[in-house]
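Colleague: Fold the following.
(chains A and B)
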Amino acid sequence: SQQGEEDPQALSIQEGENATMNCSYKTSINNLQWYRQNSGRGLVHLILIRSNEREKHSGRLRVTLDTSKKSSSLLITASRAADTASYFCATSANAGGTSYGKLTFGQGTILTVHP
Amino acid sequence: SAVISQKPSRDICQRGTSLTIQCQVDSQVTMMFWYRQQPGQSLTLIATANQGSEATYESGFVIDKFPISRPNLTFSTLTVSNMSPEDSSIYLCSSRAGRSSYNEQFFGPGTRLTVL
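Modeller: Numbering: from 1, shown residues only, chains lettered A, B, ... in the order given. You can find the predicted model right below:
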(Lines give C-alpha, C1' and ligand atoms only; values in the text may rest on other atoms or scores of the structure.)
Protein backbone atom coordinates (compact mmCIF):
# COMPACT_ATOMS: atom_id res chain seq x y z
CA SER A 1 0.00 0.00 0.00
CA GLN A 2 1.12 3.53 -0.61
CA GLN A 3 2.21 5.14 2.59
CA GLY A 4 3.36 8.42 1.14
CA GLU A 5 1.29 11.49 0.56
CA GLU A 6 2.66 14.32 -1.48
CA ASP A 7 1.48 17.84 -1.84
CA PRO A 8 0.75 19.68 -3.83
CA GLN A 9 -0.52 17.22 -6.43
CA ALA A 10 0.31 19.79 -9.10
CA LEU A 11 2.46 22.89 -9.06
CA SER A 12 2.77 25.49 -11.80
CA ILE A 13 5.46 28.17 -11.61
CA GLN A 14 7.48 30.51 -13.79
CA GLU A 15 11.10 29.93 -14.72
CA GLY A 16 13.42 31.31 -12.06
CA GLU A 17 11.01 30.74 -9.20
CA ASN A 18 11.55 28.16 -6.49
CA ALA A 19 9.44 25.01 -6.27
CA THR A 20 8.72 23.24 -3.01
CA MET A 21 7.16 19.80 -2.80
CA ASN A 22 6.23 17.99 0.39
CA CYS A 23 6.02 14.33 1.28
CA SER A 24 4.57 12.66 4.36
CA TYR A 25 4.82 9.05 5.39
CA LYS A 26 3.41 6.84 8.11
CA THR A 27 5.98 4.39 9.43
CA SER A 28 9.59 4.45 10.60
CA ILE A 29 12.07 4.71 7.77
CA ASN A 30 15.69 3.93 7.04
CA ASN A 31 15.96 6.53 4.30
CA LEU A 32 13.91 8.61 1.91
CA GLN A 33 14.68 9.13 -1.75
CA TRP A 34 13.40 11.63 -4.29
CA TYR A 35 12.97 10.80 -7.95
CA ARG A 36 12.03 12.68 -11.11
CA GLN A 37 10.03 11.19 -13.96
CA ASN A 38 9.68 12.87 -17.33
CA SER A 39 6.56 12.09 -19.35
CA GLY A 40 6.00 8.56 -18.04
CA ARG A 41 9.55 7.45 -18.69
CA GLY A 42 12.01 5.90 -16.22
CA LEU A 43 12.74 7.34 -12.82
CA VAL A 44 15.83 9.48 -12.35
CA HIS A 45 17.32 9.33 -8.87
CA LEU A 46 17.75 12.80 -7.38
CA ILE A 47 18.83 12.47 -3.79
CA LEU A 48 18.78 10.14 -0.79
CA ILE A 49 18.51 11.38 2.77
CA ARG A 50 19.14 9.07 5.69
CA SER A 51 16.86 8.89 8.69
CA ASN A 52 19.56 10.48 10.87
CA GLU A 53 20.05 13.43 8.52
CA ARG A 54 17.98 16.59 8.57
CA GLU A 55 19.04 18.37 5.41
CA LYS A 56 20.89 17.57 2.24
CA HIS A 57 21.89 19.56 -0.82
CA SER A 58 22.70 18.61 -4.38
CA GLY A 59 23.14 21.42 -6.87
CA ARG A 60 19.84 23.31 -7.04
CA LEU A 61 18.11 20.71 -4.87
CA ARG A 62 17.60 20.93 -1.15
CA VAL A 63 15.91 18.14 0.78
CA THR A 64 14.84 18.25 4.39
CA LEU A 65 13.66 15.43 6.61
CA ASP A 66 11.71 15.71 9.84
CA THR A 67 11.32 12.24 11.30
CA SER A 68 9.28 13.55 14.24
CA LYS A 69 6.65 14.79 11.78
CA LYS A 70 7.28 11.98 9.31
CA SER A 71 7.69 14.45 6.50
CA SER A 72 10.19 15.59 3.90
CA SER A 73 10.40 18.46 1.47
CA LEU A 74 12.16 18.93 -1.84
CA LEU A 75 13.10 22.45 -2.86
CA ILE A 76 14.22 23.22 -6.40
CA THR A 77 15.76 26.67 -6.61
CA ALA A 78 15.87 28.87 -9.71
CA SER A 79 13.67 26.46 -11.64
CA ARG A 80 14.04 25.89 -15.37
CA ALA A 81 11.60 24.72 -18.03
CA ALA A 82 13.61 21.47 -18.14
CA ASP A 83 12.59 20.79 -14.52
CA THR A 84 9.05 20.13 -15.74
CA ALA A 85 8.34 16.57 -14.62
CA SER A 86 6.65 14.46 -11.96
CA TYR A 87 8.49 14.20 -8.65
CA PHE A 88 8.10 11.25 -6.30
CA CYS A 89 9.30 10.56 -2.81
CA ALA A 90 9.97 6.97 -1.81
CA THR A 91 10.66 5.56 1.62
CA SER A 92 12.64 2.53 2.61
CA ALA A 93 11.77 0.81 5.86
CA ASN A 94 14.30 0.10 8.55
CA ALA A 95 16.85 -2.62 7.77
CA GLY A 96 15.87 -6.17 8.46
CA GLY A 97 12.60 -7.96 8.09
CA THR A 98 10.55 -8.54 5.01
CA SER A 99 10.42 -4.87 4.06
CA TYR A 100 14.17 -4.54 3.58
CA GLY A 101 15.08 -2.84 0.33
CA LYS A 102 11.51 -2.20 -0.76
CA LEU A 103 10.44 1.31 -1.65
CA THR A 104 7.03 2.75 -0.91
CA PHE A 105 6.17 5.65 -3.16
CA GLY A 106 4.17 8.78 -2.62
CA GLN A 107 1.54 9.84 -5.12
CA GLY A 108 3.81 12.38 -6.74
CA THR A 109 3.76 16.06 -7.59
CA ILE A 110 3.43 17.22 -11.18
CA LEU A 111 5.63 20.28 -11.63
CA THR A 112 5.21 22.57 -14.62
CA VAL A 113 7.76 25.33 -15.12
CA HIS A 114 6.70 27.93 -17.67
CA PRO A 115 9.45 29.64 -19.69
CA SER B 1 25.43 4.37 -9.82
CA ALA B 2 23.98 1.26 -11.39
CA VAL B 3 22.99 1.36 -15.03
CA ILE B 4 19.84 -0.61 -15.73
CA SER B 5 18.45 -1.43 -19.15
CA GLN B 6 15.12 -2.94 -20.08
CA LYS B 7 13.75 -4.57 -23.17
CA PRO B 8 11.40 -3.92 -24.84
CA SER B 9 10.95 -0.22 -24.22
CA ARG B 10 7.33 -0.47 -25.29
CA ASP B 11 4.92 -2.94 -26.77
CA ILE B 12 1.33 -3.21 -27.87
CA CYS B 13 -0.16 -6.63 -27.20
CA GLN B 14 -3.40 -8.44 -27.74
CA ARG B 15 -5.62 -9.58 -24.92
CA GLY B 16 -4.82 -13.10 -23.72
CA THR B 17 -1.19 -13.10 -24.79
CA SER B 18 1.92 -12.88 -22.61
CA LEU B 19 4.92 -10.55 -22.68
CA THR B 20 8.32 -11.10 -21.12
CA ILE B 21 10.28 -8.04 -20.06
CA GLN B 22 14.02 -8.26 -19.60
CA CYS B 23 16.10 -6.29 -17.11
CA GLN B 24 19.88 -6.09 -17.21
CA VAL B 25 22.08 -4.41 -14.60
CA ASP B 26 25.66 -3.43 -15.38
CA SER B 27 26.98 -4.86 -12.10
CA GLN B 28 26.15 -7.73 -9.80
CA VAL B 29 23.38 -6.84 -7.37
CA THR B 30 21.81 -8.81 -4.58
CA MET B 31 18.31 -7.46 -4.87
CA MET B 32 16.23 -6.63 -7.91
CA PHE B 33 12.69 -5.37 -7.81
CA TRP B 34 9.82 -5.08 -10.26
CA TYR B 35 7.35 -2.21 -10.06
CA ARG B 36 4.18 -1.32 -11.92
CA GLN B 37 2.96 2.16 -12.68
CA GLN B 38 -0.60 2.31 -13.89
CA PRO B 39 -1.65 5.31 -16.01
CA GLY B 40 -1.54 8.52 -14.00
CA GLN B 41 -0.58 6.66 -10.84
CA SER B 42 2.44 6.18 -8.65
CA LEU B 43 4.62 3.08 -8.51
CA THR B 44 3.60 -0.13 -6.80
CA LEU B 45 5.99 -2.95 -5.99
CA ILE B 46 5.10 -6.22 -7.69
CA ALA B 47 7.82 -8.47 -6.33
CA THR B 48 11.40 -8.86 -5.22
CA ALA B 49 13.45 -11.03 -7.56
CA ASN B 50 15.78 -13.25 -5.56
CA GLN B 51 18.76 -14.96 -7.13
CA GLY B 52 18.60 -18.69 -6.62
CA SER B 53 15.14 -18.77 -5.13
CA GLU B 54 11.57 -17.90 -5.98
CA ALA B 55 10.50 -14.28 -6.15
CA THR B 56 8.70 -12.74 -3.21
CA TYR B 57 5.38 -11.21 -4.26
CA GLU B 58 3.51 -8.32 -2.70
CA SER B 59 -0.10 -8.51 -1.72
CA GLY B 60 -2.32 -8.50 -4.78
CA PHE B 61 0.29 -9.98 -7.13
CA VAL B 62 0.65 -13.70 -7.83
CA ILE B 63 3.25 -15.84 -9.51
CA ASP B 64 0.85 -17.27 -12.09
CA LYS B 65 0.14 -13.79 -13.42
CA PHE B 66 3.64 -12.32 -13.04
CA PRO B 67 6.23 -15.10 -13.18
CA ILE B 68 9.73 -13.83 -12.52
CA SER B 69 13.12 -15.33 -13.26
CA ARG B 70 16.47 -14.36 -11.74
CA PRO B 71 19.08 -16.64 -13.26
CA ASN B 72 22.09 -14.62 -12.10
CA LEU B 73 23.11 -11.48 -10.24
CA THR B 74 22.77 -9.13 -13.21
CA PHE B 75 19.61 -10.23 -14.98
CA SER B 76 15.91 -10.76 -14.35
CA THR B 77 12.74 -11.18 -16.37
CA LEU B 78 9.13 -10.39 -15.61
CA THR B 79 6.35 -12.00 -17.62
CA VAL B 80 2.90 -10.49 -17.75
CA SER B 81 0.66 -13.46 -18.47
CA ASN B 82 -2.77 -13.74 -20.04
CA MET B 83 -2.93 -10.00 -20.46
CA SER B 84 -6.02 -7.86 -20.25
CA PRO B 85 -6.40 -4.11 -20.88
CA GLU B 86 -6.09 -3.58 -17.11
CA ASP B 87 -2.45 -4.66 -17.39
CA SER B 88 -1.65 -1.61 -19.50
CA SER B 89 1.04 0.08 -17.43
CA ILE B 90 4.68 0.99 -17.28
CA TYR B 91 6.74 -1.82 -15.78
CA LEU B 92 10.03 -0.85 -14.19
CA CYS B 93 12.84 -2.88 -12.72
CA SER B 94 15.04 -1.54 -10.00
CA SER B 95 18.08 -2.44 -7.98
CA ARG B 96 20.16 -0.95 -5.23
CA ALA B 97 23.67 0.22 -5.98
CA GLY B 98 25.34 -1.64 -3.13
CA ARG B 99 24.78 -3.74 -0.04
CA SER B 100 24.24 -0.90 2.38
CA SER B 101 20.70 0.01 3.24
CA TYR B 102 21.76 3.61 2.58
CA ASN B 103 22.64 2.97 -1.05
CA GLU B 104 20.55 4.66 -3.68
CA GLN B 105 18.04 2.60 -5.60
CA PHE B 106 18.07 3.00 -9.36
CA PHE B 107 15.47 2.27 -11.98
CA GLY B 108 15.49 1.11 -15.54
CA PRO B 109 13.85 3.20 -18.26
CA GLY B 110 10.64 1.22 -18.02
CA THR B 111 8.58 -0.83 -20.44
CA ARG B 112 5.36 0.80 -21.56
CA LEU B 113 2.80 -1.91 -22.19
CA THR B 114 -0.51 -1.35 -23.95
CA VAL B 115 -2.99 -4.22 -24.07
CA LEU B 116 -5.78 -4.02 -26.63
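
Colleague: host element of B:Gln22?
Modeller: For B:Gln22, the element it lies in under DSSP states H and E is strand B:19-25.

Colleague: now for the helix or strand just after that strand, which elements pack on it?
Modeller: Downstream of strand B:19-25, the next assigned helix or strand under DSSP H and E is strand B:31-37. Identification of packing neighbours for strand B:31-37 by 3 or more C-beta pairs under 8 Å, 6 or more residues apart in numbering or on different chains; DSSP states H and E yields strand B:19-25, strand B:43-50, strand B:75-80, strand B:89-96. From N, CA and C alone the C-beta is placed, and that goes for glycine too.

Colleague: for those, which one ends up most surrounded?
Modeller: Mean neighbour count (mean count of other C-beta atoms under 10 Å in any protein chain shown) peaks for strand B:89-96 among these, with a mean of 25.

Colleague: about what we covered before: compute the inter-axis angle for the strand holding B:Gln22 and strand B:43-50.
Modeller: Going by axes from the mean of the first three to the mean of the last three C-alpha atoms, to 10 degrees, strand B:19-25 is angled at 70 degrees with respect to strand B:43-50.

Colleague: Look up how far chain A lies from B:Thr74.
Modeller: The gap separating B:Thr74 from chain A is 17 Å, by C-beta to the nearest C-beta, to the nearest Å.

Colleague: Could you check the pLDDT of residue 39?
Modeller: All of this is about chain A. You'll see A:Ser39 listed with a pLDDT of 84.

Colleague: right idea, wrong chain: chain B
Modeller: You'll see B:Pro39 listed with a pLDDT of 93.

Colleague: Hmm, B:Ser89 and it touching each other?
Modeller: Yes. B:Pro39 is within contact range of B:Ser89, at 7.1 Å (criterion: C-beta atoms under 8 Å).

Colleague: Give me every residue in chain A that's in contact range of chain B.
Modeller: A:2, A:4, A:30-31, A:33, A:35, A:40-43, A:45, A:48, A:50, A:88, A:90, A:92, A:95, A:98, A:100-108 (C-beta under 8 Å from any C-beta of the partner chain).

Colleague: Any of the residues you listed buried? List them.
Modeller: Neighbour counting by 16 or more other C-beta atoms under 10 Å in any protein chain shown classes A:4, A:30-31, A:33, A:35, A:41-43, A:45, A:48, A:88, A:90, A:92, A:101-108 among those as buried.

Colleague: What count of nearby residues applies to residue 84?
Modeller: Unless you meant another one, I'm taking chain A. As a burial measure, A:Thr84 scores 19 neighbours (other C-beta atoms under 10 Å in any protein chain shown).

Colleague: Not quite, go with chain B.
Modeller: 10.

Colleague: Using the three-state scheme, assign B:Glu86.
Modeller: Three-state assignment for B:Glu86 (DSSP: H, G, I helix; E, B strand; the rest coil): helix.

Colleague: coming back round to it: can I get the helices and strands packed on strand B:31-37 in JSON lines including mean pLDDT?
Modeller: Formatted as JSON lines, the helices and strands packed on strand B:31-37 follow (pLDDT from 0 to 100):
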{"stretch": "strand B:19-25", "mean pLDDT": "97"}
{"stretch": "strand B:43-50", "mean pLDDT": "93"}
{"stretch": "strand B:75-80", "mean pLDDT": "97"}
{"stretch": "strand B:89-96", "mean pLDDT": "94"}
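
Colleague: I appreciate the help and will end here.
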